[in-house]
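Q: Sequence first, then the predicted structure, then my questions.
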Amino acid sequence: MVSILCNALKEIIDAPYLDKKYGLVFAAKGKGSGGNAIVFPIENGEKTCELSRAAVPDAKYRALSYFESNVPTTSIKVGEGKLYISYLSFVVWMNTDKINFEDEFIADKIMSDLERKISSIKNMSFDGGSISKAMVSKLHSKSHDIFAKYTYPDKSKYLANPYNAIKLDFEIHYSLTCGDVIINPKNC
């Protein structure tokens, strides 16, 4: 359910600098090249948990993004269906040398742009449901704790200049539909 929402959001939250967009990710465990255990973000629904398929920084991208689910989704009964509330994070890693902004405040400008884009999501339909509102609750910039739960190789390299990362925590209210009817997911 949250995965469907995040796949819709990755298309709704569009920006020219986001050239690699993932939906909802989870922390996958695997082996690094030296055989050591590593943890990396991989898109929900990915069939193989290999580092080559992971949502990790890569110098060839201007910016890549993905969503993390912070706490379980809650629901409120509405007629025959439910209104869902999810608490998500939108994580963006960027190579500032490849983004065409004119000053050193690139991360701040991108964060403001994305905060505006997320906050403007109201009364929007997506394939399988509709979003009533989204509210940004916390912003994180240049924070190494954004990737703290992951242990993939070269992580620290991608957190030093010219690289940067931001995370926007937000709450989103939505319903799932079957045709024009708001539903419980098990009924469609």
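A: All right, it came through fine. Everything numeric in this text was worked out from a predicted model, so none of it was measured. Numbering: from 1, shown residues only.
Q: What helices and strands are in contact with the lengthiest helix in the chain?
A: Counting residues, the longest helix in the chain under DSSP state H turns out to be helix 106-119. With contacts taken as 3 or more C-beta pairs under 8 Å, 6 or more residues apart in numbering; DSSP states H and E, helix 106-119 sits against strand 81-95, strand 129-141, strand 163-178. Where you see a C-beta, it was placed from the backbone N, CA and C, and this is true even at glycine.
Q: CSV please, covering those and showing distance to residue 74.
A: Converted to CSV, the helices and strands packed on helix 106-119 look like this (distance: least, C-beta to C-beta, whole Å):
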stretch, distance to residue 74
strand 81-95, 5
strand 129-141, 14
strand 163-178, 10
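Q: Tell me which residue lies nearest the centroid of this protein.
A: Nearest to the geometric centre of the chain sits residue 67, at 1.9 Å (C-alpha atoms, centre = their mean).
Q: do you know how far that one is from residue 161?
A: 26 Å (C-beta to C-beta, to the nearest Å).
Q: what do you get for residue 56?
A: Counting by C-beta to C-beta, the gap from residue 56 to residue 161 is 18 Å.
Q: next one: residue 91
A: For residue 91, the distance to residue 161 - C-beta to C-beta - is 19 Å.
Q: okay, those two: which has more neighbours?
A: residue 91 (22 against 7; other C-beta atoms under 10 Å).
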